[in-house]
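Asks: Sequence first, predicted coordinates after that:
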Amino acid sequence: MPVGVGPEAGQWCGTFAAGAIARQAGASVRRQDIDHVEHDGGAGRPQRRITLARPPREVGGEHDERDAVDPRMSLAALKTLIETRYGWALKVDYEDPRQRYLFWYRSAEKDEPRLGERFNEPGAERELPLGIGLMAAALHRALAALPAEALSGNAGEFLLEQPRWRGILRRIQSLAPLPYGEIQDNLLGEACLPIDLLRCKLAIFGAAKFDPKSDRWTRITLFQGAPSIEELADPDADDWAFPAFPL
């Protein structure tokens, strides 16, 4: 059956994988999780010891993405993790205005994400934090600017000193074991097409026969060739994604 998917869905789909960060705006290392912080005021470099009151919450044997933070990870390991998982983001020149051309914001009228042109339209001050590549690259630059000996420090201490990195740091750590957990593209770039994200999302849902009507919406077909109730017991009942026609 043909289904029309409008521009709103095309804009919303940009949050499909990236939008989790907007729901994860709490602190990575929260004060209620810190039992105490000790300072050693000896003659050497002051040492800081952080005691967490509770470990990250686990759900179903796996870390809950909202709390999956490892404050003990060394900054050197974090820097390597960014280079490994976000190498695509480090290749983008974010000083080029074309790579920061778009911004995502939420419509006050319909409470849905929209796209704006950063340098031509107002509203960038209300931008949703969906520039994952930009933020990952900025964190990497901040780590690269640290003295070599500072990279032996851990993420918990780093966040206490610079809490503004907590959102992207948590995202990088929590998605580290998920190779398909991130949209590996610059969602702020002038070349970003919402329809590419929309097609990917709809394909996961089983959509086929994409018939794009613009760069923001498309017609699709769902369940063409799907077995009826009477056909579910047939040996080839699940072989319908690409239906065959008799010759």
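Replies: That came in fine, so what should we check first?

Asks: Mind exporting the C-alpha coordinates of stretch 106-117 to CSV?
Replies: Output of stretch 106-117 as CSV, limited to C-alpha atoms (Å, rounded to 0.1, in the frame of the first residue of the first chain):
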residue,chain,number,x,y,z
ARG,A,106,12.0,22.3,17.7
SER,A,107,8.9,24.0,16.4
ALA,A,108,6.9,25.8,19.1
GLU,A,109,3.7,25.3,17.1
LYS,A,110,3.9,21.5,16.6
ASP,A,111,6.7,20.6,18.9
GLU,A,112,8.5,18.8,16.0
PRO,A,113,12.1,19.2,14.8
ARG,A,114,12.7,21.6,11.9
LEU,A,115,15.7,22.6,9.8
GLY,A,116,17.0,26.2,9.6
GLU,A,117,19.8,27.9,7.7
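
Asks: Could you list the buried residues of it?
Replies: For stretch 106-117, the neighbour count (16 or more other C-beta atoms under 10 Å) marks 106, 113-116 as buried. C-betas here are computed from N, CA, C, even on glycine.

Asks: other SSEs contacting the longest helix anywhere in the chain?
Replies: Using DSSP state H, we find that the single longest helix of the chain is helix 132-144. The contact analysis (3 or more C-beta pairs under 8 Å, 6 or more residues apart in numbering; DSSP states H and E) places helix 132-144 against helix 75-85, helix 87-90, helix 166-174.

Asks: Could you export the ones you listed to a markdown table, including columns for distance to residue 143?
Replies: Shown next, in a markdown table, are the helices and strands packed on helix 132-144 (distance: least, C-beta to C-beta, whole Å):
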| stretch | distance to residue 143 |
| --- | --- |
| helix 75-85 | 4 |
| helix 87-90 | 12 |
| helix 166-174 | 10 |
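
Asks: Can you tell me which of the ones you listed is most buried?
Replies: helix 166-174 (a mean of 23; mean count of other C-beta atoms under 10 Å).

Asks: Now the element after it, going C-ward?
Replies: Note on helix 166-174: by DSSP states H and E, the next helix or strand toward the C-terminus is helix 194-204.

Asks: Which positions in the next helix or strand after that following helix come out as buried?
Replies: Once the chain leaves helix 194-204, the next helix or strand it forms, by DSSP H and E, is strand 207-212. Residues 207, 212 are the ones in strand 207-212 that count as buried (16+ other C-beta under 10 Å).

Asks: and if you look at stretch 146-161?
Replies: For stretch 146-161, burial by neighbour count (16+ other C-beta under 10 Å) applies to 151, 154-159.

Asks: burial measure for residue 188, as a count.
Replies: Residues near residue 188, counting by other C-beta atoms under 10 Å, number 23.

Asks: And residue 220, by the same measure?
Replies: Number of residues near residue 220 (other C-beta under 10 Å) recorded here: 21.

Asks: who does the nearest residue to it once chain neighbours are set aside bridge with?
Replies: Nearest non-adjacent residue to residue 220, counting by C-beta to C-beta, 6 or more residues apart in numbering: residue 207, 4.1 Å away. Using DSSP bridges, the beta-bridge partners of residue 207 come out as residue 222.

Asks: Alright, calling it a day.
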